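Engineer: build me a structure from this.
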Amino acid sequence: MTLQIKTDVIHIGYPKAASTFIEQFLSRHPAVTTDHNCVTDLLFTTPSSQTSSVAEKPCSDKIHYSRDESIVESVCLVGELANWRKYRYVPNAWDRVKNDIIVDPAEAASRLHKVHSQAKILILIREQADWLQSVYKYVISQLPWNCRTFIDYCTTPSGIVHLNAGHFDRTITAYIDLFGSKRVRVLRFEDIAAAPNRFASELCSFVEISERPLPGRRENETHAQIARLQRLIPLIERLPRNIKNALKPHAMRLIPGARGRIVSSRQIRMLRGIYAASNQRTEKIVAQISRSA
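Structural biologist: Reported below is the predicted structural model:
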């Protein structure tokens, strides 16, 4: 049985788009309670075996916010979860997982809606080339030691799923179709730095809490030097944590660029070309949501 908590706002994604930062911001608000990674079970159990029980939220007089940013990956289990977990970071392993999962935003939205039909859906999007680069930095240590290029990652089941999820319009539309445009809000990662006051205002208004300013520091950032070390010196991942932490600062001085690019300019141009049409559709959808708010 999947135990769910009655939730007012579900933050479904995207991963590596300030989800931890937003949860920390909201968790400090006196009118909000939060939880993390409780909703994914609805996608990671097969419908035939799924029964769900919904518990009351922790405080009936507060807004309950649930962060589960991997929901937008739209990976829905139809077979064995073990296969997905075993092969998702293995290059060219799609055939090993394709009979156990489906990747479908409409199916993911449907599974959430069956249990949380009255919830609001919060989505944070991030420019795809920048976003996929950040995802790649984060997962690089999970890749086989001799297959750690960005192209290697793109051939893994996880990489294929993220490339698909970069078509934001498909995901947003799937949730609007079920939850309604007034219950879906799309915010932009870039506005956290570029327009923090507006971002805080839109976020707090959607959650229906009093407005507060954003803190100045993001959470859980992955630096390019560390990702380069993990790619160039895979052995470092096998060292004890205390030795690894002691070595990294010295080694990173030889690899400049804390937040620099780790994906080539040609690959970035390719990604931007892939998503150009999707982004045009996304702009229209977000504008429609704003008008209906």
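
Engineer: shaky segments in this protein?
Structural biologist: When residues are selected by pLDDT under 70, those of the chain lie in 1, 48-52, 217-239, 241, 243-245, 247-260.

Engineer: Leu203 touches Leu187, doesn't it?
Structural biologist: Yes - with contact defined as CB atoms under 8 Å, Leu203 reaches Leu187; the gap is 6.4 Å. To be clear about C-beta, it is placed using only N, CA and C from the backbone, and glycine gets the same treatment.

Engineer: between the two, what contacts are shared?
Structural biologist: Residues touching both Leu203 and Leu187 by CB atoms under 8 Å, 6 or more residues apart in numbering: Leu122.

Engineer: in terms of neighbours, single out the busier of these two.
Structural biologist: The neighbour count for Leu203 versus Leu187, taken as other CB atoms under 10 Å, is higher for Leu203 (23 against 20).

Engineer: hang on, that one in a helix?
Structural biologist: Yes - assessed with DSSP: H, G, I helix; E, B strand; the rest coil, Leu203 lies in a helix.

Engineer: residue contacts, it?
Structural biologist: Counted by CB under 8 Å, 6+ apart, Leu203 has contacts Ile22, Phe25, Leu122, Leu187.

Engineer: isn't the last one up against Phe199?
Structural biologist: Yes - between Leu187 and Phe199 there is a contact under CB under 8 Å: 6.3 Å.

Engineer: for the longest helix seen in the chain, packing partners?
Structural biologist: Longest helix of the chain, by residue count under DSSP state H: helix 276-292. Under the contact definition 3 or more CB pairs under 8 Å, 6 or more residues apart in numbering; DSSP states H and E, helix 276-292 sits against helix 168-179, strand 184-188.

Engineer: circling back to that earlier point, the contacts of Leu203 in strands, which ones?
Structural biologist: The strands, defined by DSSP state E, take in Leu122, Leu187 from the contacts of Leu203.
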